[in-house]
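Make a model of this:
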Amino acid sequence: MERFPLLVLIGCLCVSRVSADSLSPPVNVTIKAVKANSAVVTWDIPEGDPVIGFAITQQKKDVRMLRFIQEVNTTTRSCALWDLEEETDYIVHVQSISMSGTSPLSDALRFRTPKEAETQASKNEVTMEEVGQTTQLRAGELIIIVVVLIMWAGVIALFCRQYDIIKDNEPNNNKDKAKNSSECSTPEHPTGGLLRSKFPKNNNNNNRMPSVNIIEV
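Have a look, this model is predicted:
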């Protein structure tokens, strides 16, 4: 009966060991944002692995001393490396951590930090590119503004021209109206109409002139 708990414990240890060995190492390990004193390591995790953290070993080339970085309860896939020395070769390995243990080491990643002057020069190049892009954008905006202003000036000039033409035609229209009114008017009827005919009166009934009916308008 005393051997049964011992066998169960050995079996649990074996299962734990198998689970840890079945955990795949990280893949696509790359280095980004390499500067004279820092860099960023990124990686991917094979699908289905129950990963809860990572472990990174950092080592200078031809130097035995290691730096060990470990973090659990995270799903991040990147880690920043700091306090690096410029113009130095480094070797980095990444491991996945699960509840049952750690995975094998990933393939070794080698990189070299640049000089501080080279880093500053690259920053200046990026700044100059950004300035050039900003200048191009501003030039384009100025061109658009100038075109819009020219269009508005053309519209205003056309409106003013049409207004002057209409204003110049108003006196002519008034003159035509006055001329037509004077042609239709008479001394007795300034507003127009037929002139009343006047005939001398004659008492002789035999020489009586025929009557004329005047229609006034």
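
Flag the shaky bits of the protein, pLDDT-wise.
1-21, 118-132, 171-217 (pLDDT under 70).

do that again at 50, thanks
Low-confidence segments of the chain (pLDDT under 50): 1-20, 192-199, 217.

And the helices in it?
Assigned helices in the chain, in chain order: 3-22, 116-184 (criterion: DSSP state H).

OK, contacts around D62?
D89 (CB atoms under 8 Å, 6 or more residues apart in numbering). Where C-beta positions appear, they are placed from N, C-alpha and C, glycine not excepted.

Sort out which residues of the lengthiest strand in the chain are buried, please.
Counting by DSSP state E, the longest strand found in the chain is strand 89-98. Neighbour counts using 16 or more other CB atoms under 10 Å place 90-98 of strand 89-98 among the buried residues.

Can you verify my assumption that S106 contacts N28?
No - counting by CB atoms under 8 Å, N28 is not a contact partner of S106; they are 9.2 Å apart.

Of those two, which one has the most company?
S106 (21 against 11; other CB atoms under 10 Å).

where's that one relative to Q95, distance?
Using CB to CB, to the nearest Å, one gets 7 Å for the distance from S106 to Q95.

shared neighbours, these two?
Common contacts of S106 and Q95, defined by CB under 8 Å, 6+ apart, comprise 25-26.

re the thing from before, tell me which of the buried residues of strand 89-98 is nearest to R64?
I91 (11.6 Å; CB to CB).

neighbours around the closest residue to that closest one other than its chain neighbours, how many?
Excluding its sequence neighbours, the residue lying closest to I91 (CB to CB, 6 or more residues apart in numbering) is Q59, at 4.8 Å. By the criterion of other CB under 10 Å, Q59 has 17 neighbours.
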